[in-house]
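Asker: I would like the atomic coordinates for the input below:
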Amino acid sequence: QVQLVESGGGLVQAGGSLKLSCAASGGTIDNSHVGWFRQAPGKEREFVAVIGWSGANTVYADSVKGRFTVSRDNAVNTAWLQMNTLKPEETAVYYCAATPSPFSTVPLTATRAYNVWGQGTQVTVSS
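Answerer: Numbering: from 1, shown residues only. Below is the predicted model of the structure:
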């Protein structure tokens with residue numbers, strides 16, 4: 001069973017940047033789409049971005065378009081989320097997740113499309 005581990009979270013001032021990593025172990029994510037989600041206290045987990053299994057396709061939430069960039073390198077079983085111009089309201093626990101296959105009938109913006117989740121990494125943006 002693949003396991004995902006996020007890292008790279010921390011405290012940053014508004015307008016700053018962070019780069020999150022999502023490393024897979026115990027298997028490969030070559031055939032999985034990798035999504036990024038975030039959950040703030042008292043709120044539902046929300047979609048941030050997804051990168052297709054080959055890396056050729058990406059989708060972003062409207063709120064992060066132009067500021068966040070998702071990437072991956074299947075050779076090292078890792079995906080990344082580069083976050084620029086961060087805002088205080090983006091303080092949350094950020095999660096990466098992988099789909100069970102490259103074929104999904106469930107929208108990749110939905111949490112139910114993913115069957116493997118990391119433990120999350122805290123991102124705190126101070127004002």
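Asker: Quick check: which element contains residue 72?
Answerer: Assigned by DSSP states H and E, residue 72 belongs to strand 68-73.
Asker: list the buried ones in that strand?
Answerer: 68-70, 72 (16 or more other Cβ atoms under 10 Å). Any C-beta I mention is one placed from the backbone N, CA and C, and that applies to glycine too.
Asker: and the helix or strand following that strand, what other elements does it pack with?
Answerer: As assigned by DSSP H and E, the chain's next helix or strand after strand 68-73 is strand 78-83. Using 3 or more Cβ pairs under 8 Å, 6 or more residues apart in numbering; DSSP states H and E, the elements in contact with strand 78-83 are strand 18-25, strand 34-39, strand 46-51, strand 68-73, strand 92-98.
Asker: give me the beta-bridge partners of the closest residue to residue 55 other than its chain neighbours?
Answerer: Spatially, and ignoring its direct neighbours in sequence, residue 55 is nearest to residue 72 (5.1 Å; Cβ to Cβ, 6 or more residues apart in numbering). Beta bridges link residue 72 to residue 79, judged by DSSP bridges.
Asker: At the geometric centre of this protein, which residue sits there?
Answerer: Closest to where the C-alpha atoms of the chain average out (Cα atoms, centre = their mean) is residue 36, at 2.1 Å.
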